[in-house]
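Novice: Have a look at this prediction, sequence included:
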Amino acid sequence: MIDTLTPSDINSDIKIDTPPSLDVNNLDLFLTNLATLLRIDTLYVATVCPQSFELTILSCLQQGELDNELALDFKSMPCFATYQRGYAEYAQGLYSRFPEQELLQEWQTEAYLGIRLHDASGLPIGVLSAFFPRQLSKHKLELNLIRLVSGFLERELQPIQIKTLPVIIDTASTDTICTDNHANAELSAYTLWLKDNIAKGRLSSWSYYLRQDKLECSDSAASIIETNDVKKIDKLEALLALVHDTDKKSVLRDFHHAMGAKSATSIRSIFNITTLLGNSKRIQSDIYPIVDELGQIHRLDCISKDITAEELTKKRASAQERILETILATTSVGLVKLNTNREIEWVNKQACKMFGYELEDFHQLREKGKLNTSSLNLYFDDDKGLFEEYYQDIYANKRNNFTLNARYRHRDGSILWTKLTVTAVRNDINQIQYFINTIQDLTEEQDNRQRLSIIESVYRHSAEGIMLCDANEKIIDVNPAFETITGYNAEDAIGRTHDLLRSGVHDEQFYNDITAVLLKHNEWKGVIWSRNREGDIFAQQVTLSSIKEGGKLKYFFAVFTDVTKEKKTEQQIITQSNFDALTGLPNRQYFSAEMHQIIDKSAKNNEKFAIIYIDLDDFKSVNNSEDFKAGDRLLKETTERLKYRSRDSDFLARIDGDEFAFIIPDVFNKRQAAVYAKQLQGVFAQAYKLSNQQRYVTASVGITMYPEDGVSVEALMQSAEQAVFEAKRNGRNQCVTFTQELSDAAILKHQTVVELAEAIKRGNLDVYYQPIIDNATGKIDKLEALVRWQHKDRGFISPAEFIPLAEEGGLIQSLGEYVLDQACCDLKIMHEAGFPYIEMSVNRSSLEFKTVDMQASEWLKVIASHNLPYASLTMEITESLLMDMDGQYMQRINALKQAGVKIAIDDFGTGYSSLNYLRSLPADIVKIDRSFIINIPDNQQDNLLLDGIITIVHNLGMKVVTEGVETQAQLHYLQEKKCDYSQGFLLCRPIPLHELMEFITQNESVF
């Protein structure tokens, strides 16, 4: 019986490790080795003419002797069935099946295996036939190896003309030809390779009999599945049980395809198994369906091999290839390959970039035959002789490489400074094959030398003091400005620690904190009070930066300026902004700031506090009956009396002309607060001595509690003022505790909040715009968006009234969104109308900053929705927000800054400790409050104060906008002092969009 297999699907392209190369010039020797390995009596390779079926022996080993002249009756031999069907197998009794063949009788051949050979296109070209003197085992190891070898033979025979079998010469090395001894060594190595793979169990075979549901495995399978008894694997289920769960579905599919194949096709299946010893292996199996005489598949034969190591090798090779590709693509070194004529054959991207070309440019030049150093004009004429001298040394074998600093000409004509290494690559007989040029760009290094020279000059001539210290805090260098500022020359300072500047103002923890920040963030900025050589204490604005090596501090340097004058000016501003000049008490702004802090603290700790508001009764009569000095004396003495009666924990401020207020912590209810208020009111029982007479003064007192009467500064102050108003309405000299039913004001406030919410919802609010003028050009450069509310019944309602209500009533977010969206919409209209340079400022409250997301994406999305550049928007934040500045506020501001949005500080000078916070805030613009502008240029003190503010802000790298400019004298003064921008009624009042467009069109310059 002859089993058949469709030849076009025989998969013989199997690799086990890497076999030695087969040389078809020594086919006879190859067959001899193969016959010895498999104990084959007769073995031949022959071509077959597809028209005449004429058999031509290429190589034949007959009974151990080479006989390429063997004559065969092809059609009556088993090889004819092989050629027709692709595969033939007779496991026993061959000579009895072909009694007419005398040769088979003479050879006493018992078994036969044959495989049809094919060319590269799949057409049949011949046969490989093997005759055995013994019966073949059911495991068919011989068949599997014959299949394997046939695949190698097909690949080796494809490049040649089969009928003549000419000698193959390696065209890459025409100076060397394979000798017989070399061929013997090659074939011997191939034989050893086959034996090694069989012995090591890399190859195994098995047969599955469909009708008997029986599995037979070769002994070599034991090594793959790691067992001493392959008979344990006698069912297909036992074999499949070894397959990983993730692969079982695909393996079963491959088996089913093989079992149901309409033609005898081979199927390759690759999967993972867990051996009987628990090890994981990668297996490649080629399944061959075997049909019986009736053409029915009755058996599956399989060649399996362990490809675990092979797969790992491939992965490593692939990884190494990717690494090499990455290195070539990303290396900062240019690589150029030149042929022996020094024409460019290959370059990497970095080399192209160095010379100013794209890879595509080189491809086009190669096609035109112009890809050489001369046509590209890379060399300077002065350097050509030096290059030629070195190349001639290589040609003369005096050297194999050279390295020099070389100049090249960039594509744009500029000089490219490089470090060039040229290496000749030679073959085995020392002939030059090509040159590899490694080019390192030194242009930046050359530029760095020049920059270092400039930096050295700046270091020596800088007006800022510079001090360089080592890791032990010892000074190793100072610049001349250091000597000027501190009084210590280089000889005095070098070798000593920077402690020589310590003033004693700061404690040790202060310096430890600086060191901690420097080590963690590599930089620290701030003010340090130091002592100069004369013993005077001065303020330094210092930037400390670290230099690390291997993650450890190596050096640090300090850059500083003397800001003593600025600090004094700042303190003066703080005092004016936050303290009452007459009484020395905190003013209303400071009081509000303190309330913000105690509100936050009380909310966090679930505490209560009281506000006691004191308004002197009929204070005007004192001024009217005597003079202003008498009124001032009264206020001063009242201050002293209230301070004397109050506790250390109380916070007392002068809110307005004759109004005082207390923040009283640790109060649990309004009754307790009322008792304390009565005690404070008692300070007015004693007469005041004013001028030459005594005078009694009374006061009306209002009491409010946090959180019952409000949770914001505005709400608490409003309720306290309403309580005072009620006390005066009741006849003065009263203490009144606030209740919601005190007056119609509370009801009106609630009604206003409701109507405001409706106005926002229906879009019944207007956005007006006030121009901000460039003082240098008179050009309208910016606008401030200002919301206006024209109530249907009450008429115009001031923003000063409804904006605090919006914050208290939870409407500030929706109000802010409305204004921002409308402002962006109108700005887009102005840009499209021919004014693309105009920028828009929009006010943002502290409450809005608290509620917007950490990346401020809600605001950025509004800007982006109108296709506006982020840089055209400025967010104005109140100065009071600086006091509450924490990490979350800063993160939101930084997000806006990173997107390109500008930050402006509004109403500067009215808050608390403005400059302290200003230095740490990444602001772009500072808007000075109109209270600083009113008396200029007539008041010299106000002039000096304003000058100081402008100077400080400019020194911090920010622009200045002055608000409330109402006279030409004020504008002229601001222009002289280099104030950047002005805003006020003198220039233009807030107007709606249509008026603004007309105003801008008619006024190219406002002045």
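Specialist: Yes, it's here.
Novice: How much space separates residue 266 from residue 87?
Specialist: 10 Å (C-beta to C-beta, to the nearest Å). No exception for glycine: its C-beta is placed from N, CA and C like everyone else's.
Novice: isn't residue 711 right next to residue 602, touching?
Specialist: No: taking C-beta atoms under 8 Å as the definition, residue 711 is not a contact partner of residue 602, at 9.2 Å.
Novice: Look at the two and report which has more neighbours.
Specialist: With neighbours defined as other C-beta atoms under 10 Å, residue 711 and residue 602 compare such that residue 602 has more, 16 against 13.
Novice: Surely that one and residue 608 touch.
Specialist: Yes: using C-beta under 8 Å, residue 602 is in contact with residue 608, at 6.7 Å.
Novice: if we look at stretch 506-522, which residues are touching it?
Specialist: 523, 524, 526, 528, 529, 544, 545, 546, 548, 553, 556 (C-beta atoms under 8 Å, 6 or more residues apart in numbering).
Novice: which of these lies closest to residue 853?
Specialist: Of all these, residue 523 has the smallest distance to residue 853: 28.2 Å, by C-beta to C-beta.
Novice: gap between that closest one and residue 470?
Specialist: In terms of C-beta to C-beta, residue 523 sits 18 Å off from residue 470.
Novice: and residue 782, what element?
Specialist: strand 780-791 (DSSP states H and E).
Novice: what is the mean pLDDT for that strand?
Specialist: On average, the pLDDT along strand 780-791 is 95.
Novice: For it, buried residues please.
Specialist: Using 16 or more other C-beta atoms under 10 Å as the test for burial, strand 780-791 gives 780, 781, 782, 783, 784, 785, 786, 787, 789.
Novice: tell me how far that strand is from the chain's mean position?
Specialist: Relative to its chain's centre, strand 780-791 lies at 39 Å (C-alpha atoms, centre = their mean, to the nearest Å).
Novice: Check stretch 837-845 too.
Specialist: Using C-alpha atoms, centre = their mean, the offset of stretch 837-845 from its chain centre is 30 Å.
Novice: Now that stretch: buried residues?
Specialist: For stretch 837-845, by 16+ other C-beta under 10 Å, it's 838, 839, 840, 841, 842, 843, 844, 845.
Novice: Out of the residues you listed, the closest to residue 799 would be?
Specialist: residue 843 (9.5 Å).
Novice: The helix or strand hosting the closest one pairs with which strands, and in what direction?
Specialist: Taking DSSP H and E as the definition, residue 843 sits inside strand 839-844. Under the criterion DSSP bridges, strand 839-844 sits next to strand 780-791 (parallel), strand 873-878 (parallel) in its sheet.
Novice: any chance you could map the strands in the stretch 901-1007 of the chain?
Specialist: Ranges of strands in the stretch 901-1007 of the chain, per DSSP state E, counting those that start in this stretch, are 902-908, 925-928, 959-963, 981-983.
Novice: got it, and the stretch 51-200 of the chain?
Specialist: 55-62, 65-66, 87-90, 111-118, 124-132.
Novice: What residues of the fourth one count as buried?
Specialist: This points to strand 111-118. Applying 16+ other C-beta under 10 Å to strand 111-118 flags 111, 112, 113, 114, 115, 116, 117, 118 as buried.
Novice: can you tell me the helix or strand for the nearest residue in space to residue 686 that is not next to it in sequence?
Specialist: Leaving aside its sequence neighbours, residue 686 sits nearest to residue 641 (C-beta to C-beta, 6 or more residues apart in numbering; 7.9 Å). Using DSSP H and E, residue 641 falls within helix 628-645.
Novice: CA atoms of that helix as CSV?
Specialist: Output in CSV follows, covering the C-alpha atoms of helix 628-645 (Å, rounded to 0.1, in the frame of the first residue of the first chain):
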residue,chain,number,x,y,z
PHE,A,628,-10.0,118.7,63.5
LYS,A,629,-7.1,118.4,66.0
ALA,A,630,-9.6,117.9,68.7
GLY,A,631,-11.3,115.1,66.7
ASP,A,632,-7.9,113.5,66.2
ARG,A,633,-7.1,113.6,69.9
LEU,A,634,-10.5,112.0,70.6
LEU,A,635,-9.8,109.2,68.2
LYS,A,636,-6.4,108.6,69.6
GLU,A,637,-7.6,108.5,73.2
THR,A,638,-10.5,106.2,72.2
THR,A,639,-8.0,103.9,70.7
GLU,A,640,-6.0,103.8,73.9
ARG,A,641,-9.1,103.2,76.0
LEU,A,642,-10.3,100.3,73.8
LYS,A,643,-6.8,98.7,73.7
TYR,A,644,-6.6,98.9,77.5
ARG,A,645,-10.0,97.3,77.9
